[in-house]
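J.: The amino acid sequence is not available; the structure is as follows:
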């Protein structure tokens, strides 16, 4: 289908870029000597998952029960659910594991969680593999790698007849706060060291630790070495976004996802072009502005419909529910209105593609430079197994 | 179903509050002498729409083709699509109008739009009613009520055999930027005056103007009089949110929607409680902090599972894709962890309910004070007629 005939807003996927991004990360994992277990919370697409796992031994990382059901149905049976488990989810997970023949690995970082998970797993008479989450400095989830909780958790897992300790996992979320190759490489080393320390302490205490998992796209890209690590779990790299550009992790030409929008108005008073992609279609994420002077990219940069480089000086300056407003830095509204006449179509590059892509039910897929789609790829969405889109 | 047994995150709806909010706005419209055409972009639910329209002569306002199809299938045939029309959408709209027996009213504010809409309507041999959008000071969509474009647009509509001028529409988006009854009442008067001026000028030029439409929840609540107006289109009032509380438009006890979440971790290093509702489940909207000192409500306030008033001093201070972090102003992490133990459930009140509710496929409905649901109400979602949830 021609881009000029698609409904707007639509979510576009440049297949050339996805293939390149996936190949580059696979090669990076191979060079670093670790498995790649890509996080599909970003793309939420089995088609992207096949590209991301080609030639890799590992499974996938996911973030919701809806994703577990969706990817499980698509034939991905080795899934790590990388959000701290809530014990009440075990009944649904046990059912999914049975019905779809899955091997699920869950995440825990608190003694109460392990106790309740052990109890429910026994009630359900269902085995689960557990990773212990380690905090490598981000202050999100995880126990301190040097603290006493780590060994206590491992002992509690070993004491359960239905739980199996699979290893340790950490996520350097703080890598999103430090731009530049060197700073991110330092975070990557801290991430590696934290996971490695936790694994060493467990092994010294007699535990087997088959999995030592790290991962975030910035650290996966800029890590110098991953000695002691067995797998990494980046996700954003499959599609990339303006925040990753701002962090120095990729270039604009690597961003594979964009939102196709139509020009629906010109406002001379506010000197803005109105498009039919607003806060829901683009998200309200402003992350890529964090390292810029002022409001550099707003809610997204504006590319021509054929996907060439962003139009200089333009950004989505404001969003409301279904309206976006494109402003020009030059302040020449007449030139802006001539450049983007009523009915024109643009592609908006997202700040944070995990947020922007989530609400769309599918990707409209095309090759780089083309304005004609070649496929429509479905996506997972929502949270629970009953959320419909995955049913 | 008990709230303790629902999947998390889930979107809850307090039916007592929705009924009260809807009854109060119906009464307000009656007192002001205007029809109420509620904007269902907020609730996206036919069940809420029936409550909102009970006893009212008007139809609904909607913001996407997906909503048109969803509400059309649910028996709502009089729909105003209050986002500036893009002419390429006419084919799908004509099909919906025919198939579902709808009367659609569209919105335009540019000569090029009207010209292209007239041409496509003729090609499709399908009639459409049009409202001319007027800018009452917000600088979003709309022509100036005192400018020459207004009459030119009306003439262009009259010149088309397939278009019918239905009237004028304005939206005081700027009412979200001025807290307090008096300031909002002033905006409401500007909104009324702009719509009234546009209608008068059109009538003086010989046009019939059956509809003079204003609306935003803040102005609908605080308008002193609406002489000359025929209908108002508020939407947020059906559910209300923390932003409306901050604006002085409602109280905390009027907020009808909340997100049920589970405690999945305690982080002593960052002194935060982790929940399984993050940036996708709550949205990244921070609007309600705009009028507060600093980060007053963060990404939402934290209520106990039974829906009583927010827990003092707590807020969702940070969100990532599927993680939310509750922080306490007191800084006493041990007290916070005792208050919200692992596995506990909370309800998060949203900053901006239009953003928070959008991604959920349904509401879990309950009566005030109860912790047991009585119904599950489906919702529209996505944008196009092929987005699935409405199919």
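T.: Yes, it's here. These numbers were taken from a predicted model, which means no experiment stands behind them.
J.: how about the residues of the stretch 1-150 of chain A that lie near chain B?
T.: Proximity of the stretch 1-150 of chain A to chain B (CB under 8 Å from any CB of the partner chain) is limited to residues A:4-5, A:7-10, A:41, A:63-65, A:83-89, A:92, A:109-110, A:112-113, A:116, A:135, A:139-142, A:144. No exception for glycine: its C-beta is placed from N, CA and C like everyone else's.
J.: For ChimeraX, write the select line for the buried members of the residues you listed.
T.: Buried residues within the residues of the stretch 1-150 of chain A next to chain B, by 16 or more other CB atoms under 10 Å in any protein chain shown, are selected in ChimeraX with:
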select /A:7,8,9,10,41,63,64,65,83,84,85,86,87,88,89,92,109,110,112,113,116,135,139,140,141,142,144
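J.: Please list the members of the residues of the stretch 1-150 of chain A next to chain B that lie in strands.
T.: Secondary structure defined by DSSP state E assigns residue A:10 of the residues of the stretch 1-150 of chain A next to chain B to strands.
J.: Helices of the stretch 251-391 of chain A, start to end?
T.: Using DSSP state H, counting those that start in this stretch, the helices of the stretch 251-391 of chain A run over residues A:279-282, A:333-339, A:353-357.
J.: Let me know whether the first one sits next to chain B.
T.: Translated: helix A:279-282. Yes. Applying CB under 8 Å from any CB, one finds helix A:279-282 touching chain B at A:279, A:280, A:281.
J.: Please produce TSV containing these, extended by distance to residue B:337, pLDDT and neighbour count.
T.: Shown next, in TSV, are the residues of helix A:279-282 next to chain B (distance: CB to CB, whole Å; pLDDT from 0 to 100; neighbours: other CB atoms under 10 Å in any protein chain shown):
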residue	distance to residue B:337	pLDDT	neighbour count
A:279	34	98	23
A:280	35	98	25
A:281	39	98	30
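J.: wait, what's in contact with residue A:117?
T.: The contact partners of residue A:117, by CB atoms under 8 Å, 6 or more residues apart in numbering or on different chains, come to A:85, A:87, A:90, A:106, A:108, A:128, A:130, A:160, A:163.
J.: Chain B: which of the residues you listed is nearest?
T.: residue A:87 (6.3 Å; CB to the nearest CB).
J.: Residue A:347 touches residue A:310, doesn't it?
T.: No. Here residue A:347 lies out of contact with residue A:310, judged by CB atoms under 8 Å, at a distance of 9.1 Å.
J.: Out of the helices of the stretch 251-391 of chain A, which gets nearest to residue B:205?
T.: Residue B:205 sits nearest to helix A:333-339 of all those, at 26.3 Å, using CB to CB.
J.: who touches the closest one?
T.: Helix A:333-339 has contacts (CB under 8 Å, 6+ apart) with A:266, A:268, A:271, A:272, A:273, A:311, A:314, A:326, A:327, A:328, A:330.
J.: Derive a ChimeraX selection command for the buried subset of the residues you listed.
T.: With 16+ other CB under 10 Å as the criterion, this ChimeraX line picks the buried residues out of the contacts of helix A:333-339:
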select /A:266,271,272,273,311,314,326,327,328
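J.: So which of the contacts of helix A:333-339 sit within strands?
T.: With DSSP E as the criterion, strands contain A:266, A:272, A:273, A:314, A:326, A:327, A:328 from among those.
J.: What is the most widely separated pair among the residues you listed?
T.: The widest separation within the ones in strands among the contacts of helix A:333-339 (CB to CB) is 13.8 Å, between A:266 and A:314.
J.: so how many other residues sit close to residue A:205?
T.: Other residues near residue A:205 come to 11 when the count uses other CB atoms under 10 Å in any protein chain shown.
J.: thought it was touching residue A:152?
T.: No. Look at residue A:205 against residue A:152 with CB under 8 Å: they stay out of range, at 10.5 Å.
J.: circling back to that earlier point, could you pick out which of the ones in strands among the contacts of helix A:333-339 are near chain B?
T.: Filtering these for neighbours of chain B using CB under 8 Å from any CB leaves A:266, A:272.
J.: I'd like the ones in strands among the contacts of helix A:333-339 written out as TSV, with pLDDT and distance to residue B:171 added.
T.: Below are the ones in strands among the contacts of helix A:333-339 laid out as TSV (pLDDT from 0 to 100; distance: CB to CB, whole Å):
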residue	pLDDT	distance to residue B:171
A:266	96	17
A:272	95	15
A:273	97	18
A:314	96	25
A:326	97	19
A:327	96	20
A:328	96	24
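J.: which among the ones in strands among the contacts of helix A:333-339 gets closest to residue A:246?
T.: Residue A:246 has its nearest neighbour among the ones in strands among the contacts of helix A:333-339 in residue A:314, at 17.1 Å by CB to CB.
J.: For that closest one, name its beta-bridge partners.
T.: Listed beta-bridge partners, residue A:314: residue A:328 (assigned using DSSP bridges).
J.: before we move on, what about residue A:78?
T.: On the basis of DSSP bridges, residue A:78 is bridged to residue A:103.
J.: quick one, what contacts it?
T.: A:58, A:59, A:60, A:102, A:103.
J.: same check, this time on residue A:120
T.: A:87, A:88, A:90, A:91.
J.: Assess the claim that the third one and residue A:127 are in contact.
T.: No. Here residue A:90 lies out of contact with residue A:127, judged by CB under 8 Å, at a distance of 11.2 Å.
J.: what's the overlap in contacts for those two?
T.: Shared contacts of residue A:90 and residue A:127 (CB under 8 Å, 6+ apart): residue A:121.
J.: quick one: which of those two has more around it?
T.: The neighbour count for residue A:90 versus residue A:127, taken as other CB under 10 Å, is higher for residue A:90 (23 against 15).
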